[in-house]
Every structure is written in C-alpha cells, then in structure tokens.
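Participant: Model the structure of this input:
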Amino acid sequence: MFACIFLSSVVLIAYGLPVEIAKPTKQVNPELLGGGFEGDMILPPGFDPLHPNRGVSINGQIRRWPNKIVPYDISAISDSRDRQTIELAMQKLMYDTGITKPGQTSRTSCVTFRPAQSTDRKVLKIQYGTGCSASVGYNTNYPNTVRLQRNGCFRNGIIQHELAHVLGFFHEQSRPDRDQYLTVHYENIQQGMAFNFQKYSWGTQVENQGSTYDYNSLMHYGRNDFTKNGKPTLTPRTAGAQIGQREKLSPIDIAEIRRYYNCS
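Facilitator: Residues are numbered from 1 along each chain as shown. Predicted coordinates for the structure are as follows:
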C-alpha cells in the first residue's frame, strides 16, 4: 500500500503537480478539551479558581452529595453501548470504594450512583460534549453535569476520573505539598495555561485527609499535559514514578473517597 502511494507521488511530482503528504496526527488528551478549569473541571459562575475547596463550596456549604447518593440521568446519551460504558464505570467505582464485612464476599456501597427519580431535587446529567469534563462536588444552584466526547472519553477509567470530580475531588498535583514530589516545567507549558498548575492550601482551600502524595492517583495529570513543545510539564522527583494513569482508582483514591463520605 505504501509503495503504491509512493509511486503515485513520484509520478505526480514528475509532472509538476502538487503532492500533499499525510502527516501523523498528534493525540490530544480529551480531558484538556473540556473548556473547564484545569481542563475538565466545570466550576460555577463567580467561583474563584484561586480559592477552590475540595468538598466545601465557596460559601462554606458542604458539597458532599446528600445521603451519599448521586442520582443520574443519561437519557441524552443516545448510544446504548455508551450508556453501558458509563454504567459499568459507575459500578466499578461503587464496588472499589465499597466496604467489605468479615465473612462476606459482597460489599456495602460507600457512595451510590442510581437512576434519577421524580422526587430527586438535584440530578447529575450526563451528556455528549467536546472533551471530557465534570462539575465538581454537589451544587445546589448550578447544574451537576458530566460531558463526554464520543471519540476519546468513553473509557472506564476516564469516566471514573470525571465521576471522582463529581464526588468533590480535584486533581492530585494541586496538593499543597506537590513540589516535594514534582517538578513543574513552566517553560514547557502552553501560553496562558500556567494557572492550571496551581497548588492550594490545606484547610482554607482543600481538605487534608492525612493521605500521602499519590503518583498513581486516577486524579493525577500526565507528564505532558498542556505542553507547548512536546516536552514534559511535570516530572516526578522519584525515579521511575509514573503519573497520569486512567485505568482505575488507586488504593489511596479509594481510601480518600471513603473518608470524605464517612464510610467505615
């Protein structure tokens, strides 16, 4: 096949005709295309990105989902396979964060995602969109949404990442202690995008749950996110450490969700 394309190009060039050679397309992380803060986080109007709170809204109201239940509506997702992918991601998150009891193989859910009912006051609406994005925490006066691009976002781990935002969690590299574990290469970050690499303060901006920094977190940026030149924007200080996995919640992710929602 390549030989045919090459020979055809030679013939065209010989006759002085222009030839356009196909170039490989660069893959862009769909989480960076959502148009939100840090790429995929949808924050309410007037919410100051310099003063976000993990789990606590700007007015001090608790942003945990009431009764640990997230009612959802996926009626806008027209493809049955896409709906199944979303529901499997929800089931995986619920199972992994669930609590086991001695002598039993089943688990009691810590947080529950279930189809919305007519009596639900606030509902998580999941729909198609550009890039992958989600609202952060429970919002009483602002839509609770997840938007998923058909080409790129329908992977179990990516959907769980967005659902963790819905539960109230930000990105791991925004922790106050991140500079002990990462080097941020600001010279490689796209112009105007450095604000996405802020770190926050314990207590006033994010909750300190006593967990250690987690390179393996499902909520961690990758090495090249927001790069302008293909060079790393983040480098772990621990040799061999990998960051940016989108396969499943890490053990620390699971422990943090359980603690945040007071599951034991």
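
Participant: and Met94, that one's in a helix?
Facilitator: Yes. Assessed with DSSP: H, G, I helix; E, B strand; the rest coil, Met94 lies in a helix.

Participant: So for the residue lying closest to it once chain neighbours are set aside, what's the pLDDT?
Facilitator: Take Met94 and drop its neighbours on the chain: the residue closest to it by CB to CB, 6 or more residues apart in numbering is Ser109, 5.1 Å away. In short, each C-beta sits where N, CA and C put it, glycine included. Note on Ser109: pLDDT of 95.

Participant: Need the phi and psi values for Ser109.
Facilitator: The phi and psi torsions at Ser109 (degrees, to the nearest 10) take the values phi -60, psi 140.

Participant: do the same with Lys122
Facilitator: Phi and psi for Lys122, reported as degrees, to the nearest 10, are phi -130, psi 140.

Participant: can you pull the contacts of it?
Facilitator: 71, 138-140, 144 (CB atoms under 8 Å, 6 or more residues apart in numbering).

Participant: mind listing what the residue nearest to Met94 touches?
Facilitator: By CB under 8 Å, 6+ apart, Ser109 lies in contact with 68, 94, 97-99.

Participant: Next up, the contacts around Asn188.
Facilitator: Contacts of Asn188 (CB under 8 Å, 6+ apart): 227-229, 231-233.

Participant: residue contacts, the closest residue to it other than its chain neighbours?
Facilitator: What sits nearest to Asn188 in space, not counting adjacent residues and going by CB to CB, 6+ apart, is Lys231, at 4.5 Å. By CB under 8 Å, 6+ apart, the contact set of Lys231 is 185, 188, 224.

Participant: Does the nearest residue to Arg259 once chain neighbours are set aside belong to a helix, a strand or coil?
Facilitator: Excluding the flanking residues, the one nearest Arg259 by CB to CB, 6+ apart is Gln209, at 5.3 Å. Put simply, Gln209 is coil when judged by three-state DSSP.

Participant: Please name the residues that touch Gln209.
Facilitator: 256, 259-260.

Participant: Check the gap between it and Ile99 for me.
Facilitator: Separation of Gln209 from Ile99 (CB to CB, to the nearest Å): 17 Å.

Participant: Over to stretch 71-86 now: how far is its first residue from its last?
Facilitator: 13 Å (CA to CA, to the nearest Å).

Participant: And the strands in this protein?
Facilitator: Residue ranges of the strands in the chain, as given by DSSP state E, are 41-42, 69-73, 99-100, 107-108, 112-115, 124-128, 133-135, 144-148, 182-184, 234-236.

Participant: Distance to Gln245 added to the ones you listed, as JSON lines?
Facilitator: Listed next are the strands of the chain as JSON lines, based on distance: least, CB to CB, whole Å:
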{"stretch": "strand 41-42", "distance to Gln245": "19"}
{"stretch": "strand 69-73", "distance to Gln245": "23"}
{"stretch": "strand 99-100", "distance to Gln245": "24"}
{"stretch": "strand 107-108", "distance to Gln245": "23"}
{"stretch": "strand 112-115", "distance to Gln245": "22"}
{"stretch": "strand 124-128", "distance to Gln245": "23"}
{"stretch": "strand 133-135", "distance to Gln245": "18"}
{"stretch": "strand 144-148", "distance to Gln245": "19"}
{"stretch": "strand 182-184", "distance to Gln245": "15"}
{"stretch": "strand 234-236", "distance to Gln245": "13"}
